[in-house]
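Visitor: Using only what follows, build the 3D model:
(one chain, ligands or ions: 2)
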Amino acid sequence: MVNENPLVEEKKAFDLARRSHLSRPTKLHLSGVSKAFRSTNGTTTLALQDINFGVKEGEFVCIVGPSGCGKTTLLNIIAGLDRAGCGDVLCNGKRVKGPGSDRIVMFQESVLFPWLTVRKNIEIGLKSKGLSREARRAKAMDFLKLVHLTRFADAHPHELSGGMRQRVALARSLAMDPEILLMDEPFSALDAQTRWILHYELQNAWQKTGKTVLFVTHNIREAVCLADRVIVFSSRPGRIKREYYIDLPRPRDDSSVEVAALAGEIMELLRGEIEKVMKEELDEGSCKECEVKCVGVSPDDGNSKK
Ligand SMILES: Nc1ncnc2c1ncn2[C@@H]1O[C@H](COP(=O)(O)OP(=O)(O)O)[C@@H](O)[C@H]1O
Ligand SMILES: [Mg+2]
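Guide: Numbers count the residues shown, from 1 in each chain. Ligands and ions are numbered 1, 2, ... in the order given. As a prediction, the model looks like this:
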């Protein structure tokens, strides 16, 4: 019998997609990653402790956790901008030893060259790929089309809003065709309406390109809205507390009842962690766990390759 309920059909399609994700190869693999920093007054801060997870090809994974739990530190280690104190990071089976074009990072405020047009900002990165001028131009236009900005191809960055500039940055990152796109709170400086547009654009671009994405945020709704899987971190030292598979149909809206309900569940899990951060930031005592020495983790003075 044919099932004519479109929601049931959509759910079935999503479950199928999820199962097919699980059988895909692993793009990124982290095992036993820890990181400690030594501050100028000689104290040691354990930022990350024993992080183990993998990301499958084409998967969209969000890491969510309170401020200071090591999200940026982790992304920097994966990007090769910083070194882990102990543990291994493998991208496509190869150990990460430094930055590489297989891992592109998109930051909160992406830097575009102000003297270049939007199109040229995308084309310039493609020079390293050895493409002809025509091919670079065509590729830049394809990716501007993907983020619905072809009308602004000849505009300069200062003529665009903050949200549009982040869409250009997204197009530029995707045009480089990385193995994995790393995103560090890329929408946190935007207002709620603009973020809503960016969530739509990113979901659309991800579905069309099939890229593997690792996205970090402190915004739980954002994580639920975007991810196949949300990995929840504890407060510092960042450890994996729990993982959630999000099987809601796409495109998702961060104000939908379903997204809000799941975000509420994750918030409950994180409430105690956030209270810990508040106590620490309000000087009501130091966190004992953060002072624990991690065997085998050599503390870093924070100047390593940053
Ligand atoms: N270069 C550094 N030197 C010393 N401490 C650092 C350095 N970078 C990060 N930290 C500390 O490591 C912890 C994690 O920081 P970070 O990764 O930026 O957290 P998040 O991105 O989750 O807010 C914080 O306590 C922060 O103060
Ligand atoms: Mg951060």
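
Visitor: Quick one: list the elements packing against the helix or strand encompassing E123.
Guide: Assigned by DSSP states H and E, E123 belongs to helix 118-126. Under the contact definition 3 or more C-beta pairs under 8 Å, 6 or more residues apart in numbering; DSSP states H and E, helix 118-126 sits against helix 133-146, helix 162-175. Every C-beta, even on glycine, is put in place using the N, C-alpha and C of the backbone.

Visitor: any idea of the angle that helix forms with helix 162-175?
Guide: 30 degrees (axes from the mean of the first three to the mean of the last three C-alpha atoms, to 10 degrees).

Visitor: Rounded mean pLDDT for helix 118-126, please.
Guide: The average pLDDT for helix 118-126 rounds to 96.

Visitor: Now for M278, how many residues are close by?
Guide: If you count neighbours by other C-beta atoms under 10 Å, M278 ends up with 13.

Visitor: Kindly report the same for the one 4 residues further on.
Guide: Residues lying near L282 (other C-beta under 10 Å) number 8.

Visitor: ok, now E159?
Guide: Neighbour tally, E159, other C-beta under 10 Å: 12.

Visitor: what do you get for V89?
Guide: V89 has 22 neighbouring residues, counting by other C-beta under 10 Å.

Visitor: what's the answer for L160, then?
Guide: Look at L160: counted by other C-beta under 10 Å, it has 17 neighbours.

Visitor: so it makes contact with V118?
Guide: Yes. With contact defined as C-beta atoms under 8 Å, L160 counts as touching V118 (7.2 Å).

Visitor: Identify the contacts common to those two.
Guide: Counting by C-beta atoms under 8 Å, 6 or more residues apart in numbering, the common neighbours of L160 and V118 are F152, V168.

Visitor: most packed of the helices and strands packed on helix 118-126?
Guide: Of all the helices and strands packed on helix 118-126, helix 162-175 has the most neighbours on average by mean count of other C-beta atoms under 10 Å, namely a mean of 23.

Visitor: show me where pLDDT drops low in the stretch 1-150 of the chain?
Guide: Across the stretch 1-150 of the chain, residues meeting the criterion (pLDDT under 70) sit at 1-21.

Visitor: can you do 50?
Guide: 1-2 (pLDDT under 50).

Visitor: now the strands: where do they sit in it?
Guide: For the stretch 1-150 of the chain, the strands defined by DSSP state E, counting those that start in this stretch occupy 26-38, 44-56, 60-64, 86-91, 94-95, 103-106.

Visitor: Export those as JSON lines, with columns for distance to ligand 2.
Guide: Shown next, in JSON lines, are those (distance: least, C-beta to the ion, whole Å):
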{"stretch": "strand 26-38", "distance to ligand 2": "13"}
{"stretch": "strand 44-56", "distance to ligand 2": "11"}
{"stretch": "strand 60-64", "distance to ligand 2": "10"}
{"stretch": "strand 86-91", "distance to ligand 2": "18"}
{"stretch": "strand 94-95", "distance to ligand 2": "24"}
{"stretch": "strand 103-106", "distance to ligand 2": "12"}
